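Engineer: any chance you could fold what I've pasted below:
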Amino acid sequence: MRKTSTLKNILQKKELSFLMEAHNAMSAKIAEESGFEALWASGLSISASMGLSDRNEASWTQVMDVVDFMVDNTVIPILLDGDTGFGNFNNVRRLVKKLSQRGVAGVCLEDKLFPKINSFIGAGQDLASISEFCGKIKAAKDSQLDSDFCVVARVEALISGCPMEEALKRANAYAGAGADAVLIHSKQSDGAEIMEFCRQWENDCPIVIVPTKYYNTATDAFREAGVSTVIWANHSLRASIAAMRAITQNIRRHNSVAQVEREIASLDDVFKLTNEYEVQLAEQKYLTL
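Structural biologist: Below you'll find the predicted structure:
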């Protein structure tokens, strides 16, 4: 099955599915090895791994370069966090065309203005008009080179402090414009907004959520609410920061690595993740003619 078809099936099936964040080829491969069905190529995490803020400081071509390596090193589908599409409808058309050419299974577009600001910073962020964003969705769907390429429309109305009615209005318009799924976003810690949105949602379009802030909400609650897909959106990056900080501080404190050797990945593990042993086998095939 094509990666695009796999992602579309994940979004449309009745059982709750989970996507894991990845920000480079290594984190993508580890997520795949852990059993995840698909990956979320996070804009925040990719930017942060470059030392950049989540404000479109990383160009779309820089992001594409990272995602290229992720595609090359995994077999599961990747949904790219495409922010606002890096511009207007024309930028979206080129982005989707290139994603299709490079084997990315889908893109998530959010209805804020370019350049975007991370959803968890500040309040009252400006939103694009409904008609403008619907135009972006249509442009994306018209530009895909694979009929199963997925376009997920991310609704930022609740993030921006708009009432539930606005969020529902926008989500229904985006579904009508051709979105394959709607991502409803919230930064409230109790998850109540998300549950209420799901309760009032009467459209067949699948619902995707990102429970970064309402992480204490039971997963079964998402199932009961009819959520299609959960994205763990930044946890590989945050885990790596915590682990690297702890290990490097330990090494600096002791001026030795003896006490941390058992806590870190072995070189053999690194070699396996980077296909070193496959290259060795290839040497025997191609260098001994």
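Engineer: low-confidence ranges, this protein, go.
Structural biologist: Counting by pLDDT under 70, the chain contains low-confidence ranges at 289.
Engineer: give the helix, strand or coil label for the residue positioned nearest the centre of the chain.
Structural biologist: Centroid-nearest residue in the chain: residue 40, 2.7 Å away (criterion: CA atoms, centre = their mean). Of the three states, residue 40 takes strand according to DSSP: H, G, I helix; E, B strand; the rest coil.
Engineer: contact partners for it?
Structural biologist: With contacts defined as CB atoms under 8 Å, 6 or more residues apart in numbering, residue 40 is in contact with 19-22, 78-79, 81, 231-233. Every residue, glycine included, has its C-beta placed from N, CA and C.
Engineer: now, those that are in strands?
Structural biologist: 19-22, 78-79, 81, 231-232 (DSSP state E).
Engineer: quick one, strands of the stretch 51-200 of the chain?
Structural biologist: Taking DSSP state E, counting those that start in this stretch as the test, the strands found in the stretch 51-200 of the chain are 78-81, 106-110, 150-155, 181-184.
Engineer: of these, which is nearest residue 286?
Structural biologist: Closest approach to residue 286 among those (CB to CB): strand 78-81, 29.9 Å.
Engineer: spatially nearest residue to residue 237, not counting backbone neighbours?
Structural biologist: Using CB to CB, 6 or more residues apart in numbering and skipping the chain neighbours, the partner closest in space to residue 237 is residue 45 (4.0 Å).
Engineer: ok, the nearest residue to residue 274 once chain neighbours are set aside to residue 264 distance?
Structural biologist: In this structure, residue 274 finds its nearest non-sequential neighbour in residue 26, 7.9 Å apart by CB to CB, 6+ apart. Look at residue 26 and residue 264: by CB to CB, to the nearest Å, they are 14 Å apart.
Engineer: got the CA coordinates for stretch 219-230 in PDB?
Structural biologist: What follows is stretch 219-230, C-alpha atoms only, in PDB (Å, rounded to 0.1, in the frame of the first residue of the first chain):
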ATOM      1  CA  THR A 219      -6.900   8.400  26.200                       C
ATOM      2  CA  ASP A 220     -10.200   6.600  26.500                       C
ATOM      3  CA  ALA A 221     -11.900   9.900  26.600                       C
ATOM      4  CA  PHE A 222     -10.600  10.700  23.200                       C
ATOM      5  CA  ARG A 223     -11.900   7.400  21.900                       C
ATOM      6  CA  GLU A 224     -15.300   8.000  23.400                       C
ATOM      7  CA  ALA A 225     -15.400  11.500  21.900                       C
ATOM      8  CA  GLY A 226     -14.900  10.100  18.400                       C
ATOM      9  CA  VAL A 227     -11.400  11.500  17.800                       C
ATOM     10  CA  SER A 228      -9.600   9.900  14.900                       C
ATOM     11  CA  THR A 229      -6.000  10.600  15.500                       C
ATOM     12  CA  VAL A 230      -3.800  11.800  18.400                       C
END
